[in-house]
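J.: what follows is a predicted protein model with its sequence.
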Amino acid sequence: HEVLIVVSPKSPAKTLEICEGCVKTHPRVKVLVQQQTPGVGYAYREGMDKATGNLMVLMDSDGEMDVEDVPKMLACQRATGADLVVASRWLPGGGVEGYEPVKYVLNRGYQIIFRALYWTRIHDLTFGFKLAKTDVLRAVRFSSQFQEIGCEVTLRILRAGYKVAEVPTRWVKRKEGLSTNPLGRNMRYARLALSIWRENNARQ
């Protein structure tokens, strides 16, 4: 239906040039210059507001998420009626390649703690690669600024009582460029998960 590329105004000029080239080549592509910066969380939220389809795929553009898994996510949504389909690195058939050892241990630890805290069978609660119903995304209020948006989307939708399913996927370390998600920023995931959990308990 459409591909929205949300670009930070602080990105190199070459980035915008490449994105505009995609628009000329592929009529379904639209480029949005991010209004609130910095932060990929803001970019995701602006994309959610501008999308026009009834389903959205949320993903990064650095090549670490496998676009070939999107049909599998769509098939799962159609078969289960799920409001959210999470692409999981930790399901059988999934995996990671090139993950830093410290980040690997930290991520696996988060999954164990968050699954227990949220009482869920979903295996990957922090990855930003997912498919969701547009009306569900717009019914939930998000606040993340950086990469923790991937975690927030899943956890808030779970806590709101929507149906969540998952399919396996592989994460492969980017071949070009540098990550904008430093190790220290990963602590935001823990703070966010506890905050959402406390908010929900306070309302009950």
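T.: Received, thanks. Predicted, not measured: the structure shown is a model, and the values here were computed from it.

J.: for the residue nearest the centre of the chain, which three-state class applies?
T.: The residue lying closest to the centre of the chain (Cα atoms, centre = their mean) is residue 128, at 2.0 Å. Following DSSP: H, G, I helix; E, B strand; the rest coil, the label given to residue 128 is coil.

J.: right, and it touches residue 60 too?
T.: Yes - under the contact definition of Cβ atoms under 8 Å, residue 128 touches residue 60, with a separation of 6.2 Å. Placement of C-beta: from N, CA and C, glycine included.

J.: setting the sequence-adjacent residues aside, check what's closest to the residue nearest to the centre of the chain.
T.: With sequence-adjacent residues excluded and distances taken as Cβ to Cβ, 6 or more residues apart in numbering, residue 128 is closest to residue 150, at 2.8 Å.

J.: what about the one you found, how many residues nearby?
T.: Here the count is done by other Cβ atoms under 10 Å, and residue 150 has 26 residues near it.

J.: ok, it - contacts?
T.: By Cβ atoms under 8 Å, 6 or more residues apart in numbering, the contact list for residue 150 reads 58, 126-130.

J.: now, which of the residues you listed sits nearest residue 20?
T.: Nearest to residue 20 among the contacts of residue 150: residue 58, at 22.3 Å, using Cβ to Cβ.

J.: next up, phi/psi of residue 46, please.
T.: Here is the backbone geometry of residue 46 (degrees, to the nearest 10): phi -70, psi -40.

J.: and for the one 5 residues further on?
T.: The phi and psi torsions at residue 51 (degrees, to the nearest 10) take the values phi -60, psi 150.

J.: just give the number of residues close to residue 23.
T.: 14.

J.: helix/strand/coil for it?
T.: Using three-state DSSP, the structure places residue 23 in helix.

J.: tell me, how many residues neighbour residue 8?
T.: Residue 8 has 17 nearby residues by other Cβ under 10 Å.

J.: OK, contacts around it?
T.: Counting by Cβ under 8 Å, 6+ apart, residue 8 touches 33-34, 37-38, 43.

J.: distance check, the nearest residue to residue 125 once chain neighbours are set aside against residue 126.
T.: Leaving aside its sequence neighbours, residue 125 sits nearest to residue 114 (Cβ to Cβ, 6+ apart; 4.6 Å). Distance of residue 114 to residue 126, computed by Cβ to Cβ, to the nearest Å: 7 Å.

J.: swap in residue 5?
T.: Counting by Cβ to Cβ - residue 5 and residue 126 are separated by 23 Å.

J.: neighbour count winner among the two?
T.: The residue with more neighbours, out of residue 5 and residue 126, is residue 126; 23 against 19, by other Cβ under 10 Å.

J.: just checking, the more buried one touches residue 107?
T.: Yes - look at residue 126 against residue 107 with Cβ under 8 Å: they come within range, at 6.5 Å.
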